[in-house]
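In: Quick one, what's the 3D model for this:
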Amino acid sequence: MGMAYTKALKLMKQAENALGFSLITRTTGGKAGGGSILTQEGTRWLRQYEAYRDACIKANQALYRQHFPKLGCVIMASGLGRRFGSNKLMADFYGQPMIQRALDATDGLFAKRVVVTRHESVAALCREQHVDVVLHDLPHRSDTVRLGLEALGDLDACLFLPGDQPLLRRETVAMLLESRKENPDSIIRPAYEDTEGSPVLFPAWAFPELKALPEGRGGGVVIKNHPHEVYRVAVSNPFELADADTPEMLETLKAFVRD
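Out: This is a model prediction of the structure:
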């Protein structure tokens, strides 16, 4: 330890005086040399202290994660756009690609964020803005969910946000995250009156189920399995939760903005 014997002995004696029992048994030198060993009380006390120390570390880690949770966001941008007739994520929405609205709504709110897409044009847009991206060619929605979680790693909760909701507000995303403080173990999602929608914030306990979704299915499977764990956050505008799945719907959402 790089400590003088006399100083170490002084500290041990101070500890024994404070505790009221002997910590070590000392033997003087001689031909075989002297030394010290822990007493039974000393061994017991050391084990209690180590258990206390480990419990403090564990409790501190839990408190830290409670007050400074590691939140992630997966932007789902893998749709083929069959109903739209083209890559809807790059469709113009008042001078910018529709996917840009999702990037703006989530910017700066998460410890980690990733866009999962099969479109090179979307990937290039993300790289230009230094947003992490997973480019893949897998066919199913379940693949997108799994790839997103795998890319983000260790998290306390993860928001899954479709890339085709151009009217979703940043304030709504922040409100979902704020709701987690009082509901850390809930699945949190927005709702307009009786209609629930996306994005959805899943706690870490749901990750194994999300990674093992049935082929072609999404997070709705996990929500259906745990209906009593869902916490709803009310929104005042139903168009926030609307997907621009067709050119006609995109024009409807544009018209709402103009009005």
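In: who's in contact with residue 152?
Out: Neighbouring residues of residue 152 by Cβ atoms under 8 Å, 6 or more residues apart in numbering: 72, 74, 112, 114, 158. All C-beta spots, glycine's among them, are computed from the backbone N, C-alpha and C.
In: Give me the neighbour count for the second one.
Out: Residue 74 has 29 neighbouring residues, counting by other Cβ atoms under 10 Å.
In: isn't it right up against residue 163?
Out: No. Judged on Cβ atoms under 8 Å, residue 74 makes no contact with residue 163 at a distance of 10.2 Å.
In: From what I see, residue 119 and residue 91 are in contact.
Out: No. Look at residue 119 against residue 91 with Cβ under 8 Å: they stay out of range, at 11.8 Å.
In: what about these two, which has more around it?
Out: Remark: of residue 119 and residue 91, residue 119 carries more neighbours, 21 against 18, as counted by other Cβ under 10 Å.
In: For that one, which non-adjacent residue is closest in space?
Out: In space, and not counting its chain neighbours, residue 119 is closest to residue 87: 5.5 Å by Cβ to Cβ, 6 or more residues apart in numbering.
In: Please look at that neighbour and residue 81 and confirm they touch.
Out: Yes. With contact defined as Cβ under 8 Å, residue 87 counts as touching residue 81 (5.3 Å).
In: Mutual contacts of the two, please.
Out: With Cβ under 8 Å, 6+ apart, residue 87 and residue 81 have no common neighbours.
In: Okay, helices next: where are they in the protein?
Out: Under the criterion DSSP state H, the chain contains helices at 5-19, 40-67, 98-106, 120-128, 141-152, 170-179, 207-211, 220-225, 247-258.
In: from the contacts of residue 152, which single one is nearest residue 34?
Out: Nearest to residue 34 among the contacts of residue 152: residue 112, at 56.9 Å, using Cβ to Cβ.
In: that older thread, which of the helices of the chain sits closest to residue 199?
Out: Nearest to residue 199, of all the helices of the chain, is helix 170-179, at 6.9 Å by Cβ to Cβ.
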